[in-house]
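> Predicted coordinates and the sequence they were generated for:
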Amino acid sequence: MGRRKVFKSICDRCHCACGVLVHMEGEKVLKIEGDPEFPQNEGMMCPKGLAYIQLLYHPDRVKYPMKRVGERGEGKWKRISWDEALDMAAEGFIDAIRKYGPHSVSWSWGDAGFRSLVDFKQAWLYAMGSPTHFHSDAHYCHSPVLVANKMIFGARVTSETGPDYRNSKCIMLWGGNPVASHPTRARDIMIGKKRGAKLIVIDPRFTEIASKADLYIQLRPATDGALALGIINIIIEEGLYDKEFVKKWCIGFDELRERARQYPVEKVSEITWVPEDQILEAAYMYALNRPATVHTRIGVQMSLNVNSTIRAISILAAICGNLDVKGGHLFPNMPRPVKSRREIAKEFLSLPKEVADQVIGRERFPLFSGSESMVGNYPHPPSMIHAMLEGHPYSIKALWHQNDLLLALEGTPETLKAIEKLDFIVGSDFIMTPMMELSDLIIPPCSYLARNDVEHIFYDGFIAARPKIIDPEYDTRDERTVDLEVIRRMKRKAPDLIKELPEIFENVETYLDYCVKGLGLTFQQLCEKRVVWEKTQYRKYEKTGFATPSGKVELYSSIAEKYGYDPLPSHVENPETPLTMPDVAKEYPLILITGPRTVVYYHGANRELPWLRELYPYPYLEIHPETAGKLGIKDGDWVWIEAPFGRGRVKQKAKLTQGIHPRVVSAPSHWWYPERKEDPLHGAFESNINLITSNDPPYEPVTGATPLRGSLCRVYRVEEE
């Protein structure tokens, strides 16, 4: 029996990057818990991080390379050597390039556990000259807030990045539940509240954090933009804004004032279902308790009004003078001259403009896709599915995926048809998910405990080392070394098709050393220090201005105007609501919210873990007791959720709650059943709400988001079969 030791690392199961203590006996990991000395989490841990021990040694863990020996989706596999797997990968992608061109090869990601591997897959695409970096939910996850914030401020500061919650006097959470999505930030919010901050929560669902609010506002889904403009109007007309900051650092204030006057409180109340007195109270509470913060997250990013809505919410931070001040919104403060992964990719892996502009979505969404992208040149995900199906503007025939597209993307039936048209699919994940079952080749990744890495803690201003603690488990490998080896084999087999990589990608070690070069350290020296801080500096804009075309906060966006978008925020109804489709609403009277976050799962991950499945065993549709009673539905009943226009129905369990409006229901996404071994797709076509959402237009005009919050549905009991 080996001697027990404790090692320090950083969890990678979500965005938070919490410090962990890893208890070991010999080579065996016994327990993972929070590290009290790590500044990000100070010892706290969410269930996902604690349950990682169960994933590490799960009996269904993918332990070695495999190739498909039956039909796709039949569930028949054969173990192969790494040498055969690497050759098969290289040959499969070369074959696609020779037949269809480099743009036919794509890489898809989106789940936790793979964020730190992004640059190496980017390097793989760079070597081929392919622009199809496919982030499954970028069009409605982080990209909308990034684009909107850059239009106004030049940097992202109103999501989990930026708000100085611990020192704030008023915290306004808008369409986000950090308890589920960013637990460390929820902790910061509670610390700020304990120190006296007012807490405003704006959400159609009465979430865990809403129970702590001084003011909870339950609005109609997808009407956030109207509410924000109504609050702006009150603050301006009552003279509650920061006149000095607006005069010196903002442009477009007069135009904003005129636009906001179109949203008087009585009109906003009618649109949003929020009582007038609550709208007034929110405006006064936010404006009179400074410094204040706003938090915009995915709840406001799934409609046809995303960019406009986030700009309106973000403008509140500007006109009240809450930018780059203690207790307000802090601008990027990373240790310099350290470069982020995005900066490294831009420096070394940028494709020529004519290639970058081949990316699918560039013509419709130039700020999201293409050489002028403000987020990293992502293809538009729904358009990628259409391209797979139709071969327009070009065919996509080979895919390497690190997430479950079948579960993640809206319009699951179309996604399956698109996947079936691919010639070659490589899957890398820890468990045989539905998407893994549809692959041709399985390349198993090791855990984060078995690789060296650098973690940029992007909203707290420090950089930290994630040192390797164990050897790769079973017959798995650090996928970054796999990427480099596949590139080398492709280069040997087709030297005319594959470019040489920049020197920093010679191996993982040279890359990590480059990541921290600006600190005057090697990666191993960072491991010894563990964390390097950057002292917080305030009002940096007084020396540098804002990173906008004018150098000021652009309430009237010159970038929006340049690209033909409305330079001022406004409210636009979703296409499928009781207001826009009153006749359809008679048959489908409930407003559907899809994809609320839970602290237990991350997208499609973790449903195989017993600890987590016990906490959240079924997909629960939240429905008001009054509504359920009228429909003859009891708590725990299986119910059908049906969408109009022939989009079908899915089955989930009813969870009766007073925390949702009687005319609204909320359904979780990404649901599958790992335990269903007899079905290779593990119930992916039973309970996943994306079966009844659409990947067709219309799309939000700036980043192409789809209206997944606020469409119509009806609900009824599943009769005994």
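That came in fine, so what should we check first?
> Tell me where the stretch 401-550 of the chain is predicted with low confidence.
457-460 (pLDDT under 70).
> so where do the strands sit in it?
Applying DSSP state E, counting those that start in this stretch to the stretch 401-550 of the chain gives strands spanning 424-427, 441-442, 453-457, 462-466, 531-533.
> can I get those strands in CSV with mean neighbour count and distance to Thr415?
Any C-beta I mention is one placed from the backbone N, CA and C, and that applies to glycine too. Shown next, in CSV, are the strands of the stretch 401-550 of the chain (neighbours: other CB atoms under 10 Å; distance: least, CB to CB, whole Å):
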stretch, mean neighbour count, distance to Thr415
strand 424-427, 23, 13
strand 441-442, 22, 20
strand 453-457, 22, 31
strand 462-466, 24, 33
strand 531-533, 17, 41
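> any chance of the ones you listed in CSV, with distance to Ala418 too?
Formatted as CSV, these follow (distance: least, CB to CB, whole Å):
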stretch, distance to Ala418
strand 424-427, 11
strand 441-442, 19
strand 453-457, 32
strand 462-466, 35
strand 531-533, 43
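> right, and those - which one's nearest Thr272?
Of all the strands of the stretch 401-550 of the chain, strand 453-457 sits nearest to Thr272, with 35.8 Å by CB to CB.
> CA atoms of that closest one as PDB?
Output of strand 453-457 as PDB, limited to C-alpha atoms (Å, rounded to 0.1, in the frame of the first residue of the first chain):
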ATOM      1  CA  ASP A 453      -1.600  23.100 -18.500                       C
ATOM      2  CA  VAL A 454      -1.900  26.900 -17.800                       C
ATOM      3  CA  GLU A 455      -5.200  28.300 -16.600                       C
ATOM      4  CA  HIS A 456      -6.100  32.000 -17.300                       C
ATOM      5  CA  ILE A 457      -8.500  33.000 -14.600                       C
END
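> From the chain's centroid, how far away is it?
18 Å (CA atoms, centre = their mean, to the nearest Å).
> repeat for stretch 444-458
On CA atoms, centre = their mean, the centre of stretch 444-458 falls 19 Å from that of its chain.
> what's the answer for stretch 82-98, then?
In terms of CA atoms, centre = their mean, the centre of stretch 82-98 is found 30 Å from the chain centre.
> Identify all contacting residues around that stretch.
With contacts defined as CB atoms under 8 Å, 6 or more residues apart in numbering, stretch 82-98 is touched by 65, 67, 80, 104-105, 128, 397-398, 400, 423-424, 426, 440-441, 443, 475, 477, 482, 485-486, 489-490, 493-494, 497.
> what about 7 Å?
Applying CB atoms under 7 Å, 6 or more residues apart in numbering, the contact partners of stretch 82-98 are 65, 67, 104-105, 128, 397-398, 423-424, 426, 441, 443, 485-486, 489-490, 493-494, 497.
> follow-up on the earlier one: for Ile234, which of the strands of the stretch 401-550 of the chain is the nearest?
The nearest among the strands of the stretch 401-550 of the chain, by CB to CB, is strand 453-457 at 36.4 Å.
> helix or strand right after the host helix or strand of Glu270?
Assigned by DSSP states H and E, Glu270 falls within helix 265-272. Following helix 265-272 in sequence order, the next helix or strand is helix 276-288 (DSSP H and E).
> how about the CA coordinates for the helix or strand just after that following helix, as PDB?
Once the chain leaves helix 276-288, the next helix or strand it forms, by DSSP H and E, is strand 292-296. These are the backbone C-alpha positions of strand 292-296, laid out as PDB (Å, rounded to 0.1, in the frame of the first residue of the first chain):
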ATOM      1  CA  ALA A 292     -23.200  48.900  -9.200                       C
ATOM      2  CA  THR A 293     -22.900  45.900 -11.500                       C
ATOM      3  CA  VAL A 294     -25.100  44.100 -14.000                       C
ATOM      4  CA  HIS A 295     -24.700  40.500 -15.100                       C
ATOM      5  CA  THR A 296     -26.000  39.400 -18.500                       C
END
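> now strand 292-296: mean pLDDT?
Averaged over strand 292-296, pLDDT sits at 95.
> Pairing partners for it, with directions?
strand 170-174 (parallel) (DSSP bridges).
> Just say helix, strand or coil for Glu622.
strand (DSSP: H, G, I helix; E, B strand; the rest coil).
> what's the burial count for it?
By other CB atoms under 10 Å, 20 other residues sit near Glu622.
> State the phi and psi torsions of the nearest residue to it once chain neighbours are set aside.
Spatial nearest neighbour of Glu622, excluding adjacent residues (CB to CB, 6 or more residues apart in numbering): Ser666 at 4.2 Å. Note on Ser666: backbone dihedrals following degrees, to the nearest 10 are phi -130, psi 130.
> Beta-bridge partners for Ser666, please?
Note on Ser666: beta-bridge partners by DSSP bridges are Ile593, Glu622.
> Hmm, it is touching His624, no?
No. Ser666 lies out of contact with His624 (CB atoms under 7 Å); the separation is 10.4 Å.
> if I look at these two, which residues touch both of them?
Counting by CB under 7 Å, 6+ apart, the residues touching both Ser666 and His624 are Ile660.
> who's more crowded, those two?
Ser666 (24 against 19).
> which ones are touching that one?
Arg205, Ile593, Pro596, Glu622, Ile660.
> possible to save those residues as TSV with pLDDT?
Formatted as TSV, the contacts of Ser666 follow (pLDDT from 0 to 100):
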residue	pLDDT
Arg205	96
Ile593	96
Pro596	92
Glu622	98
Ile660	97
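> Buried subset of those as a PyMOL selection?
One line in PyMOL is enough to select the buried members of the contacts of Ser666, burial here meaning 16 or more other CB atoms under 10 Å:
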select buried, resi 205+593+596+622+660
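> how about the contacts of Ser666, which pair is most distant?
Farthest pair in those (CB to CB) is Pro596 and Ile660. Separation: 10.1 Å.
> one step back: which one, of the strands of the stretch 401-550 of the chain, ends up nearest to Leu316?
strand 453-457 (26.2 Å).
> okay, the longest helix along the chain in PDB with CA atoms only?
Of all segments of type helix in the chain, defined using DSSP state H, the longest is helix 82-100. Below are the C-alpha coordinates for helix 82-100, written out as PDB (Å, rounded to 0.1, in the frame of the first residue of the first chain):
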ATOM      1  CA  TRP A  82      -2.700   3.900 -31.100                       C
ATOM      2  CA  ASP A  83      -0.500   3.500 -34.200                       C
ATOM      3  CA  GLU A  84      -3.500   2.300 -36.200                       C
ATOM      4  CA  ALA A  85      -5.800   5.000 -34.700                       C
ATOM      5  CA  LEU A  86      -3.400   7.800 -35.600                       C
ATOM      6  CA  ASP A  87      -2.900   6.500 -39.100                       C
ATOM      7  CA  MET A  88      -6.700   6.100 -39.600                       C
ATOM      8  CA  ALA A  89      -7.300   9.600 -38.400                       C
ATOM      9  CA  ALA A  90      -4.600  11.100 -40.700                       C
ATOM     10  CA  GLU A  91      -5.800   9.100 -43.700                       C
ATOM     11  CA  GLY A  92      -9.400   9.900 -43.100                       C
ATOM     12  CA  PHE A  93      -8.900  13.700 -43.100                       C
ATOM     13  CA  ILE A  94      -6.400  13.600 -46.000                       C
ATOM     14  CA  ASP A  95      -9.000  11.700 -48.000                       C
ATOM     15  CA  ALA A  96     -11.600  14.400 -47.300                       C
ATOM     16  CA  ILE A  97      -9.200  17.200 -48.300                       C
ATOM     17  CA  ARG A  98      -8.200  15.500 -51.600                       C
ATOM     18  CA  LYS A  99     -11.900  14.900 -52.500                       C
ATOM     19  CA  TYR A 100     -13.500  18.100 -51.300                       C
END
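> Can you give the domain ranges for the chain?
4-56, 66-137+335-533, 158-330+539-562, 582-717 (automatic domain parsing).
> Tabulate the ones you listed (CSV), appending distance to Ser143.
Output for these, formatted as CSV (distance: least, CB to CB, whole Å):
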stretch, distance to Ser143
domain 4-56, 14
domain 66-137+335-533, 4
domain 158-330+539-562, 8
domain 582-717, 5
